[in-house]
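J.: Any chance you could fold what I've pasted below:
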Amino acid sequence: MKKRLISALIAFIILIPLVILGGVYFKIGVTLLSIISIYEIMKVKENIPKIIKLLSYLLIIFVVFIDINLIIKILVTLFILYIPIIFCKKEDYNIEKCTYLSSFIILLGVTFYYITVIRDTDINVLIFLLLVTILTDTFAFIFGKLIGKHKLIERISPNKTIEGSFMGSLFGTIVPSIFYIYMIDPGANIFLTVLMVFILTVISQLGDLVFSSIKRYYKVKDFSNIMPGHGGILDRFDSLIFVVIGYIIIVNLI
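T.: The predicted structure follows:
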């Protein structure tokens, strides 16, 4: 527990000033997080050639940091990662590894890019998304320990319970909904706002479960140990990744 608290404190000391500053400082910080995330993804998937690793790092920087059309970024990523299949031995680099890397570079790159866009557009929206993620996760954990009796999806995450999941969504909806109405859109329809936030709490938990299933498939406990007591960047940002994607989809559909 002491190790977890110290790691969390250090993370907050580093991240909060970057969030407040915004601009290029925040963008550089987020780009560094994306690089570490790709490192963790490649660490899980062993035996990736060094040249492909280098290309993957360059591509995640390209997707997150460079401000051009997202479709172009995605096409460039696919083009650069598919071509080496021709020249590499299949045991070194093949379609399976290519698909694995390209999908994660696109998923993580686009998500982290949108995090920088959201911060530059309205810091309150970023705070809102963080609130949804943190409160949902925190209260799901607390109530899962206190009253959890029925397993949610035991084969993926044995400690998660239906009771914890429900209470996580409940408390993860209340405070962020109030914050959204008062700080982001005072004229928003209350019912639709609450519905949106509730959906985001569900998406948050789905993101956690998706990344847990990846770890379970590759038989690893954490993506890395860069944050002692917490694991890796992806162990902490898994829910936020899906919440950001969910939010972008919802606001573009409304």
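J.: contacts and neighbour counts: CA atoms only from here.
T.: Will do.
J.: can you pull the contacts of residue 177?
T.: Residue 177 makes contact with 193-194, 197, according to CA atoms under 8 Å, 6 or more residues apart in numbering.
J.: Outline the domain layout of this protein.
T.: 1-121, 123-254 (automatic domain parsing).
J.: Give me whichever of those domains is most buried.
T.: domain 123-254 (a mean of 18; mean count of other CA atoms under 10 Å).
J.: End to end on that one, go ahead and measure it.
T.: 21 Å (CA to CA, to the nearest Å).
J.: What is the distance between it and the centre of its chain?
T.: Relative to the centre of its chain, domain 123-254 is centred 10 Å away, using CA atoms, centre = their mean, to the nearest Å.
J.: What's the mean pLDDT across it?
T.: Average pLDDT, domain 123-254: 90.
J.: Tell me where the stretch 1-150 of the chain has strands.
T.: Ranges of strands in the stretch 1-150 of the chain, per DSSP state E, counting those that start in this stretch: none exist.
J.: Where does the prediction get shaky in it?
T.: 1-8, 10-11 (pLDDT under 70).
J.: can you do 90?
T.: Counting by pLDDT under 90, the stretch 1-150 of the chain shows low-confidence ranges at 1-23, 44-47, 87-92, 141-150.
J.: Which residue ranges of it form helices?
T.: Secondary structure of the stretch 1-150 of the chain (DSSP state H, counting those that start in this stretch): helices at 2-21, 23-44, 50-65, 70-82, 95-121, 123-147.
J.: Turn these into a markdown table, columns for distance to residue 236.
T.: A markdown table is the format used below for the helices of the stretch 1-150 of the chain (distance: least, CA to CA, whole Å):
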| stretch | distance to residue 236 |
| --- | --- |
| helix 2-21 | 10 |
| helix 23-44 | 11 |
| helix 50-65 | 19 |
| helix 70-82 | 25 |
| helix 95-121 | 13 |
| helix 123-147 | 10 |
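J.: among those helices, which is nearest residue 159?
T.: With CA to CA as the criterion, residue 159 lies closest to helix 123-147 of these, at 7.8 Å.
J.: what angle do that closest one and helix 95-121 make?
T.: 120 degrees (axes from the mean of the first three to the mean of the last three CA atoms, to 10 degrees).
J.: about what we covered before: of all the helices of the stretch 1-150 of the chain, which lies closest to residue 254?
T.: Distance to residue 254, taken as CA to CA, is lowest for helix 123-147 among those, at 16.2 Å.
J.: I'd like to know which elements the closest one is packed against.
T.: Judged by 3 or more CA pairs under 8 Å, 6 or more residues apart in numbering; DSSP states H and E, helix 123-147 is in contact with helix 95-121, helix 162-179, helix 190-217, helix 233-253.
J.: Now do that helix: everything it contacts.
T.: 19, 115, 118-119, 159-173, 175-176, 179-180, 183-184, 197, 200-201, 204-205, 239-240, 243-244.
J.: how far off helix 233-253 does that helix point, in degrees?
T.: 120 degrees.
J.: one step back: possible to save the helices and strands packed on helix 123-147 as a markdown table with distance to residue 76?
T.: Listed next are the helices and strands packed on helix 123-147 as a markdown table, based on distance: least, CA to CA, whole Å:
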| stretch | distance to residue 76 |
| --- | --- |
| helix 95-121 | 10 |
| helix 162-179 | 37 |
| helix 190-217 | 25 |
| helix 233-253 | 21 |
